[in-house]
Each structure stands twice: as structure tokens, then as C-alpha cells.
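Asks: How does the following fold in three dimensions:
(2 chains)
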Amino acid sequence: MTRYGMVIDITRCNGCYNCFIACRDEYCGNDYPPYSAAQPDKGSFWIKIIEKERGKYPQPVRVAYTPILCQHCDEANCVKAAKNGEIYRREDGIVIIDPEKSKGKKELMSACPYRVIYWNDEKNIPQKCTLCAHLLDAGWKEPRCVEACPTAALKFGDLDDPNSEVAKLVAAGKVEILHPEYNMKEKVSYIGLPKRFIAGTVVFGDTDECADKVTVAIGDGQEKKTLKTNNYGDFELDGLPSNKEYTVRINYTGYKPQTFKVFTRDDVYMGDIFLTRK
Amino acid sequence: MSEKVFINCTGGGPIRVYVKNGKITRVRPLVFDENDASSWTIEARGQKFTPPRKACVAPFALTEKERVYSKDRILYPLKRVDFDQNGERHPENRGKSGYERISWDEAINIVSGEMKRIRSAYGPEAIVSRGSSHHNWGNVGYRSSAWARFFNLIGFTDILDNPDSWEGWHWGAPHAYGFFWRLGNPEQYDLLEDALKNTEMVVYWSNDPDSTHGIYGGNESALWRIWLRERGIKQVFVDPYCNYTAAIHSEKWIAYRPGTETALAMAIAYVWLTEDTYDKQYIKTHSLGFDEFKNYILGKGDGVAKTPEWAAEICDVPARNIIALAREWASKRTMLSSGTKGGEGGACRQAYATEWARMMVFLAAMQGMGKPGSNIWGTTLGPPFNATLDFPGYAQGGINRLAKKPAVNPVKQRIYRLLLPEAILNPPIKWMGDGFCGNSIEQQFNKYVYPLPGCSEVKMFYRYGGAFIATMTETNRWVRMYQSPKLEFVVNQDCWWCPETKFADIILPACTNLERNDISEWANAGGYSVHGAGACNHRVIVYQQKCVEPVGESKSDYQIFCELAEKLGVKEEFTEGNTEENWIKIMFDSSDLPKYISFEEFKKKGYYIVPQLENYKPTPCLRWFYEGRECDTPDLGNPKRNTEKGKELGTYSGKLEFVSQSLLKHTPDDDERPPLVHYIPSWEGHQSDLAKKYPLQLISPHPRYSFHTQHDSHVPWLSDIPGHRIWKDGYDYQVIHIHPTDAAARGIQNNDIVKLYNDRGAVLLIAQISERVRPGVVHSCEGSAKYDPLEPGKAGSIDRGGCVNLLTPSRMLSKNVPGMAPNSCLVEVSKWEV
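Replies: Residues are numbered from 1 along each chain as shown, chains lettered A, B, ... in the order given. A predicted model of the protein is given here:
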């Protein structure tokens, strides 16, 4: 069986928005009955990019771009909520909102915890990504957003075909679901979703030099990771869970060790940490 | 009617255009097929690198459907309601009054009638004309072709464009390393392979290649930088703004104050000099004047050693970071990425930016520029490139170059673009330098005066495009200029309503290149940007197929100029009997393309992928110079190539000149661009007196999602990109980035509408509080397509459209350097209460 899905590699996304523009181009002004009615020119984001700014000046600030579109869940809340077939799952796994049957059904929007269903005021219908089902049915190999992606951050394929790139990535355990707690068997998964980092910059206070090769131990009480500062005195540990307390211990021969408690409510940039001689 | 699919090209890449019932329904990036030539493969560090089999276009290339049918399209010829060519003209109402629809006949009669009257009363020099950049694409119909042939034929006062995007490189770098034939930017051949094989670090200095694309290359090189990162090649960013490329690649961010980068560069040189970590042998054999440079850096001349501590104070970057960067740079084979084409970058559009550009060359030189892995490389150009197939770029003269009798402008009078308002309002004006000085270094020292003795002042402005209020500096000057009675007549010919359009008396609607046939190569400007198609992974030559009929009553530029030429009695000379289609064929025949594909096949398929050379032998940029060989790159403009001076650079001495021989000869006493590079505090920087009143520094780089003004608000889709514009209270405001401390000090919160202002003007923008901009600096891009003054027609009115160049200074880089310096701009920002 064909089971279409996507893997989105956030580490390769440069935020060019080609996917978003390609989606607008495909759907604005174009009805594709029975798949979809035209998307409005403004305000709908069938593929939406969440920009998360990470870190603080003067540390390198990063932006993680997380494209969010319909996750085409195998156990989709929206399909369950649509009692009269307004939303259905095709044999190939693509979830479609019927543009005719869904007229006036604004309540269907809130059935999706990912909030990827948009209301089309003019046409009085809920709408979302169709994975360009009308194109796939016409023989196209991939949706418009994937075709327009310059860095292969968006990958599309048959999750049931063990030779497809997406299936291989899933099998290799490289991917994660945006919200596994929803338990909806999403068919869109992600690589490199932003977590939390703890970062800082260590300076030898006596010489005012960047403190290279300083030992930084970051622990949560059970597990401890040890890393070294680089030539700028910078350290960074990424991939940490949010809302957790960590102890950061900084140690270098001949200098007084320092210990800090930090909490990963957001990414943590500890700023300049000056070491003093013993 | 069934669906038809056409091929066309844009400034952001080639596209496949789907049309149903005469309307564009879809615009796809061009995807290659199995019959197209194969792609290159680079083997480096045990891995093979090959590009995708498609055009990785710019985001704005995919907006063409929305742009063709934009609400901003000019659909009919228009006349300002209170303009009467036979009576009252009311120039004072330009920018204020509305328009009425007129017929093409009436429009052409008025325009040609005024041209005849003005030519006969004052001479051909009384008509001035100029286009904007990047609104369309094509070698036949675009501005360098039809427009240029027409005006050269009838004679006019031409406007000399300043090199607006790369000022410091143009006016500074040639005095250090030549390359004037590339307008100051270096060659970039084969540096992708060189970097993948040999480079250990890339230092991006004021460079955001993911936004600036090597000009026309779209997202083609985005993957290259991911390859670099995945191979563990360290990427460091030196920039007041954590730009789009930095935001995904940066391992270190050195955020200096704008205007102080030359000091930062000198401190790096200081570390290398005092720690003995530069390539002494290379400097000895390849350069001139190094001892004087060394003495200056060490403070032996002026008593000021350019130490990291000295620079730290100026730049607000800790000395320890400068030292760490200098040491790492010296220990690793490093590419200095100081602008999208090697050169460019916002740092070059500032006071005294010639000095920064020269320092970039000198830093690269001190680490043996040209040796494997060590060069100046923008990271957007330089894949394996088949340069043996010659195909002209759009800036190589268009149809005029191919005409049996090329037209040569008989008028010698010129106006410098940045001084156009002063030329109209307050002549005479003087300046030094040709604008684009691509034929010789000497062109930088040519002296001009307007009006030229014996010539009339200009009385008519035939404006083709309308970007300047958003793209030039201190642009309320343009508003004042347009309302001067000295401009008896103003025409604007364009596809869209742009900031300047509503200052015209007559508006002529032109069609886009999706509404006519044309021919071109992706990213190939030619001329001074020779082999610019190297911004792409494949050379894609396009027969630009007309997709739909012109929108409204718009016409192709060629057709409009044919009609004017007919009225002026020069149609035969203008066309030489050719239709646009004939010119396309002539263009095709003038190239090497007929050796590879027939015209019929090319026209039918719509594109041709130039095959890679078998047994391709890379010739990395400046490797020849490093190794003391003759230039072996295909750098066609290099006048010393294939001569007895083939081993030399384009400087007077043929060497890297730490003391410039050309400046020594022409302007030896210039203390603002002295023969020996100097750090000179900005005339509008953090230390200026004006900073007490306006404490924030505005930087206004090129926008990421629009090609200057040419997309932006013409395309509502782009306004839904939060980094570009944000919808609030029924309006799409342009974004300004403010650091949290600066915002808090002013009571500004995220998504507040703010007024950005100084004595030159005021603009309303929407605040985005961001850690990506350093404290003391605000960031809002140039290139608003919308000039929307709260008081239309009033110079100095608050603008809601987002034209931040209303605020930038008109002062030039330095007294002998006529470049613009929009990034030397002090401002204040406050919350705007409606």
C-alpha cells in the first residue's frame, strides 16, 4: 500500500519560504474540485513556518524554521470529528477536507490540535494542505512545496516503501513527531526539532583572554555531560529538554571552579563567565 | 481551453508557467528532464557532491503569477488630471493629483509631441532618462536593450548609475588588487571545489549570501553552505546583524558597531604582524608598500598602534574576541566571504567604505590569497563552469550591439544618479568618476560638470521604472525634484505603480517579460559581471516564451519605443526592419548556441542546459597569481590576460598594492581615500555629535524576499512572511528589528507601530524585538515597493510604505568618492500612537 508522508529536516531549512510561496502559487486563484477550493490570497498558511529565535546577543543567535502543515495523521482527530465525511482519509493516507461537504463547518478547525486548518471566510469552508493530491493523482512525483525546496529540507515519499528516503529516515530512528502526545500517528516527522541549549562564554579574568579548553560539566542530577570551551571560550550543549534544572560546573586548572544552576524554560545563554585565579 | 505550459526566466531563476484560458495558473521552478545535459560532480574529502536536477530559484521567482496580476499593475495609459501640455502643467501637484485614463494614441501623441517640442526648443540633451534595476528579465526587451537603443538613437542626457550595491569595492578595491573590469569584485572561478577540498573556515564579513544570492542565482548556492557545514568547515560571521545565513550557520558572531569594521580589520592585521602569522614570502613577492602598511598598523607613523584593545573601544567587540578570531584565521585555511560576489556587503555602503574593502583585500593577501583553500569567496559563485560556450548577458548592449548600425548617443552631457535632484533644483553640479568604471581605473578620476558648457539643462524626465525613492539616499530630494517647474514634462513607463510613478504627468503601461517573447541566460548579466551564471549550478539558456497576452492595455517596451520612434521619424533606424522575434533570432545567432541546438528546437523546448566539459580542469580564482603563473581563468575582462603581463593583477604595478599607485598618481593628497589605507571615523557614526540627538544606527540591507522594490508589496503573499511585512490595523507594515534593550528604553513592544526618524524624514514601521541585531543598531531593509506618505505630495511627509531611504544621508562616501552611504545613518525610533 502507498502511504504518503514527509520528513522535514530542520537542520537544512534556511527559511527561504519557497515552500510557502509555491503553496500560495498552487492554490491561490485555483479550484481543484473535488480536492480543494482556492486558497485566499492572504491569511491562510497551508504550510506555515514557525520561526524560533534562539539565544542572545552576543552569542550566535540562531533561527530554527519549523514548517508546519497538515500532518496527515493516520488517526486524525479531524477525521473523527467530521461525522458526515467532510474530512476523509484516502487509501494513500492523504487526509482531505471535502470543499463541498464541509461548507459552514467552522467547528472542524478546532478538531486539529496542530491548528493547521484555516477558515476561508469568502467560501465559508475550512481548508488545509492536501499534499497536492490532485497533482500526485495526475502523475506528479512530489507536492509543490517539496519541489520548490532548494536544500532538500522537505522530503516526500511513500512511508510503506522501504526503499524510499522517508521510510529509510524513519526506520533509522532519525526522526521525531512534533507532538507525539497527541497520539494521532502523524505521517509528517521531523529531524532536528529545536530543543533547549545551555551556552556561555568563559573568560580568564586575570588576563582577559578567551578561556579555551575549559571543562564544562552540565548535569541534571542523574546524567552529566562534559564538554570543552572552544577558542572563543564558548560552550554550548544543545538538544536538552525544556523546563528542567541543570547544574553547570566550570573548571580549569589553577582557577576557582564555578557552579551555576540554570533552568531551561527557554534556551539559556549564561553570558560571560569570568574565572579568577585560585 | 486546455492547459499550456511555457518556459520563461526571471531575476530569480527560470520557471515553467502554466496557462489555462489565457490566464496564468501556476509558476514552477524549472525541473530538468533526462534529455538535459548531466550535472557536475565534485569529489572532495571522500565524498561526492552534485546539485539537484532543478532550478533552485529565489522565493520571489515563484511570485510571478501574483505579480503579473498584481493590483499594482498599470493597466492603461494615464494622464495626471491637472496636467495640460498646452496650458497649465501644475508641476507642484506631482505626487498629489490623481490620474485619468487616456488612449494609447493620445498618450503617444502627447509624449512624442513634448519630445519634439523640447528637442527643438532646447536640443536633445534636454531629455534625461534612466531605468531602475531588476524589474524584468531578457536580452531583447529589458532596459539595457530596447530602452537603451531608443534613447541612444535620438540622443539624451544619460544618467550615470552609481555602483549602489558595492560602492566601497568599486571605488576602493581596484586600487588594491585591480579587477576594475569586474567593478571591483574579484573573480570567483572554481572556488566551490577549492573550498570543499581545502578550506577549514569561512569568515562571512558583512555578507548574507542566502539573501543576496550572488545577485541572480536564487537559492542555488544555499546547498553549498550546508555542504560546508556538514563537512565541519567552521563558519564565522562578522556583522552588526545576525543575518539570515548567520542565523542557520553561524558558529561565532562578531557584532561590531556599523562604521567601525576597518578598525576591526586593522586589529586583526596587528595580531598577525606582531605574532608573525602571515604569509611573509607571499607578501614579499606579490605586494607593494607593505612596510608602510605595517608601520601604520603598528602605529609608527601616527603614534596609534591598531591593537585589538584600540579596536575594541571603537567597535564594541572585546579585544579577546578579535585576538581569538585573528589567531584562528591565521591557523586555518580561510575563505574571506566579504560580500555576495566576494565583494559587496552592507559595510561597503558607508562613509569611507573604500578603506574597508581595501582592508578585506589586504587581510586575504596576508594569508596568501589564491593558495588552496584561502581566498576571497562570496560562497555564491564558482561551481564547475563551462565557459567555452559564449552567450551574451543582458547588460551587453542588447539589440543595439547586434544592430547593423549600433546607435551611439551624440549627447555628451551626463548627470550622476545620486545628484539628479541637485542637478534639477540647484545646478551647476560637479563630481568625479564615471559611475561604473569598468574600462579603466582612470575612469574614477574623470571630472564632470552639469550642465555641460554649451548644453541645455534637462527639461523632460523620461523615467523608466520608479524605485529611487526606496533605493537611493535622502530621497525626499526626489519628491522636491519632481515638483520643480524646471521639469516641464515627466513620463513614467513601468509595469507597476512604484514609489516614483505618481510623480509623472503621463504614465505608460509596459508589460512584463511573461507577456512577450525574449531570450536570455539565467543569472547572466555579462559585461562587468562576466560569467555571473556561475551563481547557478547549471547554465540555463532560455527562450522566454510569451505566456499570456499583455495585461490591460500594456505593451512591450520594444513596441512602445517603436511607436515613439515612428512619431519622431526614426522607426526604420530603430528597428532596422526587425520585429522582437527577429531580434531574438539575431541574438541566438550571435552566440555559440547554434553549434549546440537549432533555433527551432530551442524555441520549442524553451531552454538549453549547457553541458559540462569532459575532463574539466578547474582553474581556481587567483591560483595563477599565487603560483606566479599567467592568468589561466576565463576572466574575459582582464586586459592583461594573454599578454606579456599575464602574470600581473590589474593594479598599476601588477601587484597587491598596500600603497596604491593609482591613488598616488591621481589623488595623492586625498586624506579620505589616501594611497595608504586608513581607518577614518565615520562622518555619521556612533561617535558623531549627531548621535546625541539620534543615538541609533540604522542599517538597511538588501531585502531577502524581494528583489529590491520589484516584488515586495506588489505581491501580497510576501507580506505574509513575518520577516518581511506584518499586517496590523488593516495595513502591511515593513518590519524593523530592534534589540530588546533599545526597545525597552523607549517603551516599545513587539508588533508596535513605530516612527523611525531623523532630520531627513520619518517612516512608520512595525517593531520586531530581536536579539539578532546588536544594541544601538536598528535593521530595516531598503527596497520598499510602496511609498505611501501620510501627506501626499509633501516632501518630508511621514511615509507609511516603508521607504527607509528617506532617512539615509545623501553625503557621499568621501570627498572624491561618489558612492552612496545608506548604512551611515543615525536615527531615533519612538512608539507611534495613531
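Asks: where in the chain is pLDDT low?
Replies: Picked chain A for this. Within chain A, no range satisfies pLDDT under 70.
Asks: Chain B was what I was after
Replies: Residue ranges of chain B with pLDDT under 70: B:1.
Asks: cutoff 50 now
Replies: Of all residues in chain B, none has pLDDT under 50.
Asks: Need the residue closest to the centroid of it.
Replies: B:S165 (4.1 Å; Cα atoms, centre = their mean).
Asks: residue contacts, the nearest residue to that one once chain neighbours are set aside?
Replies: Distances taken as Cβ to Cβ, 6 or more residues apart in numbering or on different chains put B:E344 closest to B:S165, at 5.7 Å, once the chain neighbours are dropped. For the C-beta atoms, the positions are set from N, CA and C on the backbone; glycine is no exception. By Cβ atoms under 8 Å, 6 or more residues apart in numbering or on different chains, the contact set of B:E344 is B:165-166, B:169, B:185, B:207, B:212, B:378.
Asks: got a list of contacts for the helix or strand hosting B:A107?
Replies: Per DSSP states H and E: B:A107 is located in helix B:104-122. Contacts to helix B:104-122, defined as Cβ under 8 Å, 6+ apart, come from residues B:77-79, B:85, B:102, B:126-127, B:154, B:456-457, B:459-460, B:488-489, B:491, B:506, B:508, B:553, B:555, B:563-564, B:567-568.
Asks: next SSE after it?
Replies: strand B:127-131.
Asks: closest point of chain A to chain B, which residue?
Replies: Nearest residue of chain A to chain B (Cβ to the nearest Cβ) works out as A:P150 at 3.4 Å.
Asks: contacting residues for that residue?
Replies: A:14, A:16, A:18, B:52, B:56-57, B:218-220, B:222-223.
Asks: that older thread, in strands, which of the contacts of helix B:104-122 fall?
Replies: B:78-79, B:127, B:460, B:489, B:491, B:506, B:508 (DSSP state E).
Asks: out of the residues you listed, what pair is the most spread apart?
Replies: Spatial extent of these (Cβ to Cβ) is set by the pair B:L78 and B:I127 at 20.3 Å.
Asks: Name the residue in those two with the higher neighbour count.
Replies: Applying other Cβ atoms under 10 Å in any protein chain shown to B:L78 and B:I127 shows that B:I127 carries more neighbours, namely 25 against 22.
Asks: if I read this right, B:D592 contacts B:D390, doesn't it?
Replies: Yes: contact criterion Cβ atoms under 8 Å: B:D592 and B:D390 qualify, at 4.6 Å.
Asks: Dump the contacts of B:E344 into CSV; add distance to B:Q396 and secondary structure as well.
Replies: Output for these, formatted as CSV (distance: Cβ to Cβ, whole Å; DSSP: H, G, I helix; E, B strand; the rest coil):
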residue, distance to B:Q396, secondary structure
B:S165, 19, coil
B:W166, 19, coil
B:W169, 21, helix
B:N185, 17, coil
B:N207, 27, coil
B:T212, 22, helix
B:G378, 22, coil
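Asks: Quick check: of those residues, which lies closest to chain A?
Replies: Of all the contacts of B:E344, B:T212 has the smallest distance to chain A: 12.6 Å, by Cβ to the nearest Cβ.
Asks: OK, contacts around the residue lying closest to the closest one once chain neighbours are set aside?
Replies: Spatial nearest neighbour of B:T212, chain neighbours left out: B:T340 (3.8 Å); criterion: Cβ to Cβ, 6+ apart. Counting by Cβ under 8 Å, 6+ apart, B:T340 makes contact with B:207-209, B:212-215, B:378, B:380.
Asks: quick one, strands of the stretch 101-250 of chain A?
Replies: A:118-120, A:125-127, A:154-158, A:188-191, A:196-204, A:209-210, A:215-219, A:224-228, A:234-240, A:245-251 (DSSP state E, counting those that start in this stretch).
Asks: For those, give me a markdown table that also has mean neighbour count.
Replies: Shown next, in a markdown table, are those (neighbours: other Cβ atoms under 10 Å in any protein chain shown):
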| stretch | mean neighbour count |
| --- | --- |
| strand A:118-120 | 18 |
| strand A:125-127 | 24 |
| strand A:154-158 | 22 |
| strand A:188-191 | 21 |
| strand A:196-204 | 22 |
| strand A:209-210 | 19 |
| strand A:215-219 | 18 |
| strand A:224-228 | 12 |
| strand A:234-240 | 18 |
| strand A:245-251 | 17 |
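Asks: Which one, of those, ends up nearest to B:Y69?
Replies: strand A:118-120 (19.6 Å).
Asks: Any part of that closest one near chain B?
Replies: No: Strand A:118-120 stays clear of chain B (Cβ under 8 Å from any Cβ of the partner chain), getting no nearer than 11.7 Å.
Asks: for that strand, packing partners?
Replies: strand A:125-127 (3 or more Cβ pairs under 8 Å, 6 or more residues apart in numbering or on different chains; DSSP states H and E).
Asks: by contact count, what packs against the strand it packs on?
Replies: With contacts defined as 3+ Cβ pairs under 8 Å, 6+ apart, the packing partners of strand A:125-127 are strand A:95-97, strand A:118-120.
Asks: CSV for these, including distance to A:W140?
Replies: Formatted as CSV, the helices and strands packed on strand A:125-127 follow (distance: least, Cβ to Cβ, whole Å):
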stretch, distance to A:W140
strand A:95-97, 16
strand A:118-120, 23
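Asks: To A:D41, which of those strands lies closest?
Replies: Nearest of these (Cβ to Cβ): strand A:118-120, 11.1 Å.
Asks: what's that closest one in contact with?
Replies: Outside strand A:118-120, the residues within contact range by Cβ under 8 Å, 6+ apart are A:37, A:39-40, A:43-46, A:106, A:109, A:125-128.
Asks: Please, a ChimeraX command that selects the buried ones among those?
Replies: A single ChimeraX command suffices to select whichever of these are buried according to 16 or more other Cβ atoms under 10 Å in any protein chain shown:
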select /A:37,39,40,44,45,46,109,125,126,127,128
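Asks: Between the contacts of strand A:118-120, which sits nearest B:F445?
Replies: Using Cβ to Cβ, the contacts of strand A:118-120 come closest to B:F445 at A:F45, 54.4 Å.
Asks: Would you agree the closest one is in contact with A:F20?
Replies: Yes: using Cβ under 8 Å, A:F45 is in contact with A:F20, at 7.2 Å.
Asks: who touches both of those two?
Replies: B:D720.
Asks: and the gap between B:F625 and chain A?
Replies: Applying Cβ to the nearest Cβ, to the nearest Å, the value for B:F625 to chain A is 30 Å.
Asks: Helix, strand or coil: sort out that residue for me.
Replies: helix (DSSP: H, G, I helix; E, B strand; the rest coil).
Asks: and it, how many neighbours?
Replies: For B:F625, using other Cβ under 10 Å, the count is 23.
Asks: Ignoring the adjacent residues along the chain, who's closest to it?
Replies: Excluding the flanking residues, the one nearest B:F625 by Cβ to Cβ, 6+ apart is B:G370, at 5.1 Å.
Asks: what residues are up against that neighbour?
Replies: Contacts of B:G370 by Cβ under 8 Å, 6+ apart are B:620-627.
Asks: Over to B:N751?
Replies: Applying Cβ under 8 Å, 6+ apart, the residues contacting B:N751 are B:726, B:728, B:766-768.
Asks: same question, B:M812
Replies: Contacts of B:M812 by Cβ under 8 Å, 6+ apart are B:418, B:818-821.
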